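S.K.: My questions concern the predicted model and sequence given below.
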Amino acid sequence: MAGETTLTSDTIEVRETHRFDIAALERYLSPRIPGFGGPVTVRQFQGGQSNPTYYLGTRDREYVLRRKPPGKLLPSAHAVDREYRILTALGRTDVPVPKTYVLCEDAEVIGTAFYVMDWVRGRIMVDPLLPGLTPPERSAIYDSMNDVLARLHRVDWQGLGLADFGRPGNYFARQFHRWSQQYRASETERIEAMERFMEWLPDHIPSDDLTTIVHGDFRLGNVIIHPSEPRVVAVLDWEISTLGHPLADLAYNAMSYHLEPDILGGVLGQDLKALGIPTEEEYLAAYCRRTGRDDIPDWSFYVAFSMFRLAAIAQGIMGRVIAGTANDANARARGERARPMAEAGWRLVEQRAP
């Protein structure tokens, strides 16, 4: 089927630089995971995750291992312990996440810290147009994604012991400061839309200062769809999750409504009704209903901010391309999105801002 892959089809032989002692892993996990036993089949997931991720197949079960990459790392980067913590906590809620088993912070076992969780069978779909599916299937998948995000934002993070998982309050001001700095540090050309953004955004941060768990990268490509049913069965890639503003997650998730398919991989300009994809207004109304909101004032700010953030990230990638330090084969194409992303975001401000 077009536009999707199964999780095992996205694996390759383990890269030379990411290999480890499989026997040592077996010795460590056997007494810690009930029923775990060799021989273990190990393959590596491809893709752009900064933490190497592996498929582990045993006689009776299948698992996923996430580890810090080898080599010298920034102190706060590649925090697999944070991923393990949030996944384990959410395992006690109605947010669908893989079951976790063990966190190993002893680098002597396989070279770096790692954790093990269940392998969840299903489909990964990256294109928000969901090619190859029927309109009812598209509608159901969007509704399920919306439902899962609303569940996440309803979680009692304090009750789960996550009060120190991030800094509550003032989220957008802190995020603006961070991404502005990163943008300036990697700037390779002047982008007028970014200059306007950096003047406009700090003066238009809404007073609504809610705090929830935020995923940080909640999008179609980071959820697993059931093998045959149109519903989300697990949310992946919690690497940048923290405490923050829920509408940052929602706006990032809904950003595809403002992006053209050919340039930035969105759904703008498509016949959504014929496709079975809800309109942005319908998608937001469903989220509001599920979270008890009456409406979302300042919506254009939240979407524009998400586009500013992605433009800053793209500029960072381009900075590494120019410096010759980018190791992703698609880095230049991703970096070149900085300008069109910023311009699309600024158009939204001009069209919708009061």
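M.R.: The structure has been received and is ready for your questions.
S.K.: Domain boundaries for this structure, per the record?
M.R.: When the chain is parsed with automatic domain parsing, its domains come out as 4-121, 124-352.
S.K.: Let me know which of those domains is tucked in deepest.
M.R.: domain 124-352 (a mean of 18; mean count of other CB atoms under 10 Å). C-beta coordinates here come from the backbone N, C-alpha and C atoms, glycine included.
S.K.: what's the span of that domain from first residue to last?
M.R.: 33 Å (CA to CA, to the nearest Å).
S.K.: go on, stretch 231-244?
M.R.: 26 Å.
S.K.: Same list, the domains of the chain, but as a markdown table with mean pLDDT please.
M.R.: Output for the domains of the chain, formatted as a markdown table (pLDDT from 0 to 100):
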| stretch | mean pLDDT |
| --- | --- |
| domain 4-121 | 87 |
| domain 124-352 | 93 |
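S.K.: After the longest helix seen in the chain, which helix or strand is next?
M.R.: For the chain, the longest helix by residue count, based on DSSP state H, is helix 299-323. Once helix 299-323 ends, the next helix or strand along the chain (criterion: DSSP states H and E) is helix 331-335.
S.K.: tell me the phi and psi of the nearest residue to residue 277 once chain neighbours are set aside?
M.R.: Counting by CB to CB, 6 or more residues apart in numbering, residue 138 is the residue found nearest to residue 277 once chain neighbours are left out, at 5.3 Å. Phi and psi for residue 138, reported as degrees, to the nearest 10, are phi -60, psi -50.
S.K.: For residue 345, see how far away residue 351 is.
M.R.: Applying CB to CB, to the nearest Å, the value for residue 351 to residue 345 is 11 Å.
S.K.: so residue 254 touches residue 285, yeah?
M.R.: No. Applying CB atoms under 8 Å as the test, residue 254 and residue 285 come out as separate, 11.8 Å apart.
S.K.: Break down the chain into its helices, ranges please.
M.R.: Using DSSP H, the helices assigned to the chain run over residues 22-29, 80-90, 135-154, 171-186, 192-200, 246-254, 261-264, 272-275, 280-291, 299-323, 331-335, 338-352.
S.K.: Same list (these) but as JSON lines, adding distance to residue 59.
M.R.: Formatted as JSON lines, these follow (distance: least, CB to CB, whole Å):
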{"stretch": "helix 22-29", "distance to residue 59": "12"}
{"stretch": "helix 80-90", "distance to residue 59": "25"}
{"stretch": "helix 135-154", "distance to residue 59": "32"}
{"stretch": "helix 171-186", "distance to residue 59": "46"}
{"stretch": "helix 192-200", "distance to residue 59": "54"}
{"stretch": "helix 246-254", "distance to residue 59": "39"}
{"stretch": "helix 261-264", "distance to residue 59": "44"}
{"stretch": "helix 272-275", "distance to residue 59": "43"}
{"stretch": "helix 280-291", "distance to residue 59": "41"}
{"stretch": "helix 299-323", "distance to residue 59": "42"}
{"stretch": "helix 331-335", "distance to residue 59": "40"}
{"stretch": "helix 338-352", "distance to residue 59": "47"}
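S.K.: Can you tell me which of the ones you listed is nearest to residue 14?
M.R.: helix 22-29 (9.3 Å; CB to CB).
S.K.: Which elements pack onto the closest one?
M.R.: Judged by 3 or more CB pairs under 8 Å, 6 or more residues apart in numbering; DSSP states H and E, the packing partners of helix 22-29 are strand 100-104.
S.K.: From the chain's centroid, how far away is the strand it packs on?
M.R.: A distance of 21 Å separates the centroid of the chain from that of strand 100-104, by CA atoms, centre = their mean, to the nearest Å.
S.K.: okay, the angle between it and helix 22-29?
M.R.: 110 degrees (axes from the mean of the first three to the mean of the last three CA atoms, to 10 degrees).
S.K.: Please tell me I have it right and residue 43 contacts residue 55.
M.R.: Yes. With contact defined as CB under 8 Å, residue 43 reaches residue 55; the gap is 4.6 Å.
S.K.: most centrally placed residue in this protein?
M.R.: A centroid search over the chain (CA atoms, centre = their mean) returns residue 217, at 2.6 Å, as the residue closest to the centre.
S.K.: so who does that residue touch?
M.R.: Going by CB atoms under 8 Å, 6 or more residues apart in numbering, residue 217 touches 237, 239-240, 252.
S.K.: Among those residues, which pair sits farthest apart?
M.R.: 239 and 252, at 14.5 Å, using CB to CB across these.
S.K.: Residue 142 touches residue 278, doesn't it?
M.R.: Yes. Assessed by CB under 8 Å, residue 142 is found in contact with residue 278 at 5.4 Å.
S.K.: sorry, back to before: quick check, nearest of the contacts of residue 217 to residue 317?
M.R.: Proximity of the contacts of residue 217 to residue 317 (CB to CB) peaks at residue 240, which lies at 15.5 Å.
S.K.: How much space separates that closest one from residue 148?
M.R.: The separation that residue 240 has from residue 148, given CB to CB, amounts to 17 Å.
S.K.: Kindly report the same for residue 167.
M.R.: 25 Å.
S.K.: Check residue 109 too.
M.R.: Distance, residue 109 to residue 148, by CB to CB: 33 Å.
S.K.: Same check on residue 171?
M.R.: With CB to CB as the criterion, residue 171 and residue 148 are 21 Å apart.
S.K.: residue contacts, residue 172?
M.R.: Shown in contact with residue 172 (CB under 8 Å, 6+ apart): 205-206, 245, 248, 305.
S.K.: Many thanks, I have nothing further to ask.
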